[in-house]
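[1] the sequence and its predicted three-dimensional model are supplied below.
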Amino acid sequence: MRSLIDIQELSVNEIDELITVANDIIDNPAKYSEKCKGKILATLFFEPSTRTRLSFESAMFSLGGNVLGFSEAQSSSSAKGESVADTIKTVGYYADIIAMRHPKEGAPMVAAMNTDIPVINAGDGGHNHPTQTLTDLLTIQREKGRVNNITIGVCGDLKFGRTVHSLIGAMSRYENVKFVLISPEELKVPEYIKQTVLEAKNLEYVETTSLEDAMPELDILYMTRVQRERFFNEQDYIRLKDSYILTPQKLEAAKEDLCIMHPLPRVNEISVAVDKDPRACYFRQVNNGKFIRMALIMKLLEVK
Ligand code: NCD
């Protein structure tokens, strides 16, 4: 059975197919309402979540399936010291597919090695978040009508932000995408991503600390939260947390058809005054997350 641990495991064709199915689900939801009848999704969340867990659950219910799981490590036997491997072997008897979030990088991969049912990585530490990226790609396609020929500014915590890592990996495979990486010096994109993705593929990218300088050329601005839970000390977090705050004033320099995205949760990095701007796409992005996850669940369960 196939799992989804890293977005690179899907070909561009497969991603495009998922986007097509998600768009069809949005247009014809009734057609899909019994596709996963009798199937069970387990959501195993060892870290906090609102959108990812609830959109997975809503997705499975909308496919006619059922859901079980836990939303904090403390309420599972992991609090008693059980290994991920043993937890997963157990859940493999009770469910048909697993969505798992864990603070340790690689935990969903270990899970996939210990069960025959598909495991979806719903975020592993500061590493990857492939289903957020699918959500992001569906959003870009719906908002811009294309994923190619795009200048995307990614702003905030590019070091610990797992959504950013997966998004760069995925978008690097589309044509003529230019990345503007906007972050404080301490929170730049990890060297391994620059080497294995951006430089290995000879992609066009610039690194800058200035959101204002980057703004005028962007087609997409992808804002992110500074990832407090990954910091080693609170002083560093406090010093860096408000590095970028998007306001209506700053948007005066932006393109008229800019698409402002954010995986959410937002802390301070987008002023609520921006929400009224038609260029603010982040709540439409939340909505899209459910439909692309429906498409993914069907694909991994091999539902026609
Ligand atoms: C993101 C995550 O968990 O990585 N949230 C999400 O899934 N939408 C982003 C974040 O927590 O900052």
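    Yes, it's here.
[2] now do the strands in the stretch 1-150 of the chain.
    Here the stretch 1-150 of the chain has its strands, by DSSP state E, counting those that start in this stretch, at 40-45, 66-70, 97-102, 119-124, 150-155.
[3] how far away is the residue lying farthest from the centre of the chain from Thr139?
    The outermost residue of the chain relative to its centre, with distances by C-alpha atoms, centre = their mean, is Lys80 at 29.8 Å. Applying C-beta to C-beta, to the nearest Å, the value for Lys80 to Thr139 is 40 Å. (C-beta placed from N, C-alpha, C; glycine too.)
[4] and what of Leu218?
    Distance from Leu218 to Thr139, by C-beta to C-beta: 15 Å.
[5] which parts of the stretch 101-250 of the chain sit against the ligand?
    Gly123, His129, Gln132, Arg162, Thr163, Arg225 (C-beta under 6 Å from any ligand atom).
[6] tabulate these (JSON lines), appending neighbour count and pLDDT.
    Output for these, formatted as JSON lines (neighbours: other C-beta atoms under 10 Å; pLDDT from 0 to 100):
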{"residue": "Gly123", "neighbour count": "28", "pLDDT": "98"}
{"residue": "His129", "neighbour count": "25", "pLDDT": "98"}
{"residue": "Gln132", "neighbour count": "24", "pLDDT": "98"}
{"residue": "Arg162", "neighbour count": "24", "pLDDT": "98"}
{"residue": "Thr163", "neighbour count": "26", "pLDDT": "98"}
{"residue": "Arg225", "neighbour count": "20", "pLDDT": "97"}
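[7] which one of the residues you listed is nearest Glu143?
    Using C-beta to C-beta, Gln132 comes nearest to Glu143 of those, at 15.9 Å.
[8] shouldn't that closest one be in contact with Asp124?
    No. In terms of C-beta atoms under 8 Å, Gln132 does not count as a neighbour of Asp124; the distance is 11.9 Å.
[9] identify the contacts common to those two.
    Jointly contacting Gln132 and Asp124 under the rule C-beta atoms under 8 Å, 6 or more residues apart in numbering are Arg162.
[10] what's the closest non-adjacent residue to the residue in the stretch 1-150 of the chain that the ligand sits nearest to?
    When scored by C-beta to the nearest ligand atom, the stretch 1-150 of the chain has Thr52 as its residue closest to the ligand, at 4.2 Å. Spatial nearest neighbour of Thr52, chain neighbours left out: Ala122 (5.1 Å); criterion: C-beta to C-beta, 6 or more residues apart in numbering.
[11] pLDDT score assigned to that neighbour?
    In this model, Ala122 is scored at 98, pLDDT.
[12] now for it: which residues touch it?
    Contacts of Ala122 by C-beta under 8 Å, 6+ apart are Thr43, Phe45, Ser49, Thr52, Arg53, Phe56, Ala99, Met100, Arg101, Pro108, His129, Thr131.
[13] ok, now Ser271?
    By C-beta under 8 Å, 6+ apart, the neighbours of Ser271 are Ile245, Leu246, Thr247, Pro248.
[14] hmm, the third one is touching Val272, no?
    This points to Thr247. No. Under the criterion of C-beta under 8 Å, Thr247 makes no contact with Val272, lying 10.2 Å away.
[15] okay, these two: which has more neighbours?
    Set Thr247 next to Val272 and count neighbours by other C-beta atoms under 10 Å: Thr247 wins out with 11 against 8.
[16] got a pLDDT number for that one?
    So Thr247 comes in at 98 (pLDDT).
[17] which residue packs closest to it, ignoring adjacent ones?
    Ser271 (4.7 Å).
[18] so for that neighbour, what's the pLDDT?
    pLDDT for Ser271: 98.
[19] that one and His262: what is the separation?
    From Ser271 to His262 the distance is 12 Å (C-beta to C-beta).
[20] now the protein, which segments are flagged as low pLDDT?
    Applying pLDDT under 70 to the chain flags the ranges 1.
[21] so what are the domain limits for it?
    7-129+287-300, 131-286 (automatic domain parsing).
[22] please name every helix or strand in contact with the helix or strand encompassing Ile238.
    For Ile238, the host element (DSSP states H and E) is helix 234-240. Applying 3 or more C-beta pairs under 8 Å, 6 or more residues apart in numbering; DSSP states H and E, one finds that helix 234-240 contacts no other helix or strand.
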